[in-house]
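Trainee: below is the sequence, then the predicted model.
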Amino acid sequence: MDERLHVLIFGDVQGVFFRAGAQDEARRLGLAGWVRNVPDGSVEIVAEGGRDALERLLGWCGHGPAGAAVSDVKSTWLAATGEFADFRIRY
C-alpha cells in the first residue's frame, strides 16, 4: 500500500542542487511527486510510494547532496492520492 510523505527541509538547502538531488533519489527509489524551493529558503517535497522507499528518501533529506547543510527536517505522513505519474521539480 502506498503512502504520501510531506517534507520541509531547512538550512543551507537552496542553490546547492538539492532539488536535482532529491529528484534523482526519488526516481531511483521509484517514487512519484515533486520538490520545490520555498520563498523562506527551505525545500519542500511531496512524494508517494512504498513506506520503505519513502523512509529512504526521508533519510536522504537529512543530509542532501554535497554542499547542503541541513539544520532541520519536518515530515508528515499522509494517505497517498495516486495523483502523480512521476517525480518532478516544480518551479
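Mentor: That came in fine, so what should we check first? Residues are numbered from 1 along each chain as shown.
Trainee: what ranges does this protein have for its strands?
Mentor: Along the chain, counting by DSSP state E, strands occupy 3-12, 32-37, 43-49, 69-79, 87-89.
Trainee: okay, now the sheet partners of the last one, with direction.
Mentor: If you go by DSSP bridges, strand 87-89 pairs up with strand 32-37 (parallel).
Trainee: excluding chain neighbours, what is closest to the residue nearest the centre of the chain?
Mentor: Geometric centre of the chain, nearest residue: Ile45, 3.7 Å, by CA atoms, centre = their mean. Of all residues not flanking Ile45 in the chain, Val7 sits nearest, at 4.3 Å (CB to CB, 6 or more residues apart in numbering). To be clear about C-beta, it is placed using only N, CA and C from the backbone, and glycine gets the same treatment.
Trainee: ok so, going back, confidence score at the residue nearest to the centre of the chain?
Mentor: Listed pLDDT for Ile45 reads 98.
Trainee: what do you get for Ala26?
Mentor: On pLDDT, Ala26 comes in at 98.
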